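Quick one, structure for this:
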Amino acid sequence: MRSSVDIRRMIFGVVVVCAFGLSAFGQPWAGSGTAEDPYQIWDACDMQAIGADSNYWDANFILCADINLGEYTGTSFNIIGKYSAKPFKGVFDGNCHTISNFTYDSNGVNYIGLFGYISDPNAELKNLYLVDPNVKAGTGYFVGSLVGYLGWCTVTGCDVEGGSISGNFYVGGLVGENGSDILQSYCSTSVSGSRYIGGMAGTSGGVISNCKSSGIVSGSGNCVGGLVGENYGNISDSNSTGSVDGGIYVGGLVGANYETISNCYSTGSVIGNEKVGGLVGINYGFVPASVTSSYSACSVTGTYEVVGGLVGRNEGYISNCYSTGATSGDFHIGGLVGRNYEGEVLNCYATGSVTGYEPYHTGGLIGDARPGATVRNSFWDVNSSGLDTSYGGIGKTTAEMQAANTFAGWSCAELWTIDEGVDYPHLVWENKPGQVLSEIQWYGGGSGTETEPYIIYTAEQMNRIGLMECDWDRYFKLGADIDLSIYTGESFNMIGYIRPYGYNGFAGIFDGNGRTVSNFTYNSTGKNYMGIFEFVGDANAEVKNLGLISPDVNAGSGVIIGSLIGFFAYGTVSACYVEGGSVLGNSTVGGLIGRNYYGVVSNSYSAVGVSGNNNVGGLVGSNYMGSIANCYVAGDINGMGSLGGLVGDDDNGSYTKSFWDVNVNPDVNGIGNVNDPNVIGKTTAEMQTESTFTDAGWDFVGEVVNGPNDIWGICEGTNYPKFVWQIPIGDFVCPDGVTFADYSVFGAAWLSDPNYPNWDPNCDISEPNDNVIDERDLAVFCENWLVGI
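The predicted model follows:
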């Protein structure tokens, strides 16, 4: 039997090892500390011993049992890894066991957590569960339950449940500051402090993915978030469902975001003073920061200003996001964004109620916006929000917000689904019922290839092209004449764009197929770059065989304005025309094209009224190194400086045999600032004479010298030249229109073939031509009866 002295000595030895370490006794753990044979941690004493000796902080450990650290109170636990001494560089595998009741209570100690400081590319924490940690740091910073400061290290599958974490700055439920990767981890502890406070991490400059937090988060100062207080890294596939209460820069997921957030959501309540958002308090513009494919269903309350259902203040980029919670505050209150401060919002919506001190910048989607801020293809529910105004976006009824057609422009990527007539759109990763928007056929047919172009039959389909940015390099073809009169003001979606944040131009093929687009209207007090195509910007882009009838384009003080194209760079325009209507702007205004930059314009004409101050041309406002061939102008041109019958201002452009009517515009030159012998003024009579053009090498029906393509035709003495496809089938006799005069010609050739003296090949109008005038041709003639009258 052992003596009482031996027993006392043994107990004393255990106490010394547990309290002060093991250098005098040797390591007490089984195993050798390698990856293949890690040190085995069986009890609280084993755990305490790790922090006692930094010589082991680059070793491998594995937890072999659930451990209760409740016996260590105050500052008695040996924190593993020191900022001032040596970081932990090893591997700790929790082996799916728990460590409960970790406690550390100190006023002013920094780098507090089970691990205080970790920084090594080979370091790893995994499969560890903390239950009811209790950490109080007072004025200390870099405070977490698991790690105070996480530099280089991967944390995977580590959870925290219950307990509380508090400190001053950089306080998180799992880690105080994250500079590496946190994956597949969860926190449900309550977190409190002053600044940089988060449910999982106070700040994060690394990766957080597939993580979630549900604890209560509160901070008295700046940068308070349900998951992360301040993010300058990448957060993806994560969520926060707890309540958040803070001062400035307060978000349901992130307080202040400098980098990227994607595929995330928040559902708790959020309260703050200013710059408060359901998902993000402030989305900065330095990079710019981005929030994509995410949503918030939080109720959001701001006691002062800049409060948004998704983001309080946006300086960066928000795309494919939505918010549904109620939002309230004093000033700058928005269903999606409180204040869009030179940021961009794309493909987003909001449905929650919005309450503020109107009219102090309160909006269903955007509460307030600075110049340079943009909102594209985004909507809010005017019924559920209670507001019909916003600083950007389009208000829709609840029924319209649950209709797929409203969100046609969101189908470029497989991001959205909609259960039409039942619910609002949802992100694909939510796995909600409904049809994927990208799988809907938004045009009249086709697949957008050269052999199967998208077919456009209606005004709605035409308007969708401007929304479908991903289709701007595809093939389109008109299948019918289009009337755009249902789109007024700025409601038509022009194709392509140029913005302060960037540009994207049409780069595909648009074949008008001999059809017309009538009543295109766009009226703005100062918008730049206007036309059906706002910007065509690719050498392979082509617009052809298209007629515009009676456009109404008024840009006010805007510049670079045309009926067909605002800014045209590098591509090709051929066999296009505009007749009737008006085009008005401040500078660089053209009947067909505002500015031609290295583009090729051929076999086209303009007969529209054009007005502006400077650089005003009947066809093109400004031509920089572009080519213009075989074109004419018959419309009226008005302005103050650099006016041209064909082109307002030229800078090293090239010209081939083009004309303008000197009777219509007697006081201008062909080009406003230079003379070119290939830009020729003619009288109205000469402009209605075929030889004027054939002598210049234009390819007309009935002549063979200038080419076999039969591009042009003319009713001499009555009209200017027209494209052959403009002349109605069966219109054999001038003036225009299929009438009894044409019927007489057709009747004279009836039942003839090339062997008959009354044979007239012009009357063989059935397809394909069969060299006989019979009932097939008569059917075509009857179909076109009185066309063109």
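
Report the contact partners of the most centrally placed residue in the chain.
With distances taken as CA atoms, centre = their mean, L346 lies nearest the centre of the chain, 4.0 Å away. Residues in contact with L346, defined by CB atoms under 8 Å, 6 or more residues apart in numbering, are 317-320, 375-378. The C-beta positions use only the backbone N, C-alpha and C, and glycine is treated the same way.

In TSV: the residues you listed, plus distance to T656 and neighbour count.
Listed next are the contacts of L346 as TSV, based on distance: CB to CB, whole Å; neighbours: other CB atoms under 10 Å:
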residue	distance to T656	neighbour count
Y317	45	20
I318	48	30
S319	45	20
N320	47	23
V375	44	23
R376	39	18
N377	41	22
S378	45	26
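
Please render these as JSON lines that adds secondary structure to the earlier fields.
Putting the contacts of L346 into JSON lines (DSSP: H, G, I helix; E, B strand; the rest coil) gives the following:
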{"residue": "Y317", "secondary structure": "strand"}
{"residue": "I318", "secondary structure": "strand"}
{"residue": "S319", "secondary structure": "strand"}
{"residue": "N320", "secondary structure": "coil"}
{"residue": "V375", "secondary structure": "strand"}
{"residue": "R376", "secondary structure": "strand"}
{"residue": "N377", "secondary structure": "coil"}
{"residue": "S378", "secondary structure": "coil"}
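
any idea where the strands of the stretch 351-500 of the chain begin and end?
For the stretch 351-500 of the chain, the strands defined by DSSP state E, counting those that start in this stretch occupy 354-355, 362-363, 366-369, 374-376, 379-381, 394-396, 416-418, 426-427, 435-436, 454-456, 475-478, 482-483, 497-499.

Can you tell me which of those is most buried?
Most buried of the strands of the stretch 351-500 of the chain by mean neighbour count (mean count of other CB atoms under 10 Å) is strand 362-363; its value is a mean of 31.

was I right about W698 contacting D710?
No. W698 is not in contact with D710 according to CB atoms under 8 Å; the separation is 10.9 Å.

Please identify which of the two sits among more neighbours.
W698 (23 against 15; other CB atoms under 10 Å).

residues in contact with that one?
Contacts of W698 (CB under 8 Å, 6+ apart): 630, 657, 706, 711-712, 721.

what does W712 give?
By CB under 8 Å, 6+ apart, the contact set of W712 is 603, 693, 698-701, 721-724.

Just the buried residues out of those residues, in PyMOL syntax.
In PyMOL syntax, the buried subset of those is picked out as below (16 or more other CB atoms under 10 Å):
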select buried, resi 603+693+698+699+700+721+722+723
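
list the residues that contact both of W698 and D710?
Counting by CB under 8 Å, 6+ apart, nothing touches both W698 and D710.

quick one on the thing from earlier: tell me the one among the contacts of W698 nearest to A201.
N630 (66.5 Å; CB to CB).

Distance-wise, check the nearest residue to the closest one once chain neighbours are set aside relative to G591.
Closest residue to N630 apart from its sequence neighbours, by CB to CB, 6 or more residues apart in numbering: N603 at 4.9 Å. Separation of N603 from G591 (CB to CB, to the nearest Å) stands at 15 Å.

Ok, L619 next?
L619 is 6 Å from G591, where distance means CB to CB.

Please apply the same query to G621.
From G621 to G591 the distance is 9 Å (CB to CB).

Which neighbours do the two have in common?
By CB under 8 Å, 6+ apart, the residues touching both G621 and G591 are G562.

Out of the contacts of W712, which one has the lowest pLDDT?
Scanning the contacts of W712 for pLDDT, the low point is V701. It has 90.

Tell me both backbone torsions, phi and psi, for that one.
Dihedral angles of V701 (phi, psi; degrees, to the nearest 10) stand at phi -60, psi 140.

Could you check the pLDDT of F379?
The model's pLDDT for F379 equals 98.

Which strand residues bridge the residue nearest to the centre of the chain?
Applying DSSP bridges to L346 gives these bridge partners: S319, R376.

how much space is there between it and A373?
Computed as CB to CB, the L346 to A373 distance reads 12 Å.

Test my guess that G334 contacts E305.
No. Assessed by CB under 8 Å, G334 is found out of contact with E305, at 11.2 Å.

Which one's more surrounded, these two?
Between G334 and E305, G334 has the larger neighbour count (other CB under 10 Å), namely 40 against 24.

what sits opposite the more buried one in the beta ladder?
Beta-bridge partners, per DSSP bridges, of G334: G308, G363.

got it, and N60?
Here N60 sits in beta bridges with V91, going by DSSP bridges.

I'd guess L778 is in a strand, am I close?
No. Applying three-state DSSP, one finds L778 to be helix, outside a strand.

Does N762 belong to a helix, a strand or coil?
helix.
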